[in-house]
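A.B. asks: sequence first, then the predicted structure:
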Amino acid sequence: MIIKPNRSERLALLVVGTFVLGLVVGVLSMKRELNHIKFENKLMMYKLEETTEIIEQMLIMSPAKDDAPRD
């Protein structure tokens with residue numbers, strides 16, 4: 001025994017199906033964007049650490065300026 005939906009039931013199923021499909025696509029899109037943002041965050045942290053190390057090395061190598069005359 002197969003129950004066939006009438007026209008209004010088919011329309012309701014179509015609307016719900018379209019909504020669910022849009023929701024799934026939206027969630028997957030946001031997940032992808034979140035992964036991209038996490039990757040960029042890790043890359044920026046790596047660059048920040050690298051820059052900090054360079055600045056520390058420059059400070060170590062630069063001559064001390066404690067001998068400058070004071071007013």
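C.D. replies: Received it, and whenever you're ready, just let me know what you need. Residues are numbered from 1 along each chain as shown.
A.B. asks: drop to CA atoms for contacts and neighbour counts, all remaining ones
C.D. replies: OK.
A.B. asks: element containing K4?
C.D. replies: If you go by DSSP states H and E, K4 is not part of any helix or strand.
A.B. asks: can you pull out the low-pLDDT segments for this structure?
C.D. replies: By pLDDT under 70, the low-scoring segments of the chain are 64-71.
A.B. asks: ranges for the helices of this structure?
C.D. replies: 7-61 (DSSP state H).
A.B. asks: can you pull up the most central residue in it?
C.D. replies: By CA atoms, centre = their mean, the mean C-alpha position of the chain lies nearest to I37, the distance being 1.8 Å.
A.B. asks: burial measure for L13, as a count.
C.D. replies: Per other CA atoms under 10 Å, the neighbour tally for L13 reads 13.
A.B. asks: let me redo that: S62
C.D. replies: 8.
A.B. asks: relative to E56, how far out is it?
C.D. replies: 10 Å (CA to CA, to the nearest Å).
A.B. asks: and K47, by the same measure?
C.D. replies: From K47 to E56 the distance is 14 Å (CA to CA).
A.B. asks: likewise S29?
C.D. replies: S29 is 41 Å from E56, by CA to CA.
A.B. asks: same question, L14
C.D. replies: From L14 to E56 the distance is 63 Å (CA to CA).
A.B. asks: ok, now F19?
C.D. replies: Counting by CA to CA, the gap from F19 to E56 is 55 Å.
A.B. asks: cool, E50 as well?
C.D. replies: E50 is 10 Å from E56, by CA to CA.
A.B. asks: same thing with L34?
C.D. replies: Relative to E56, and taking CA to CA, L34 is found at 33 Å.
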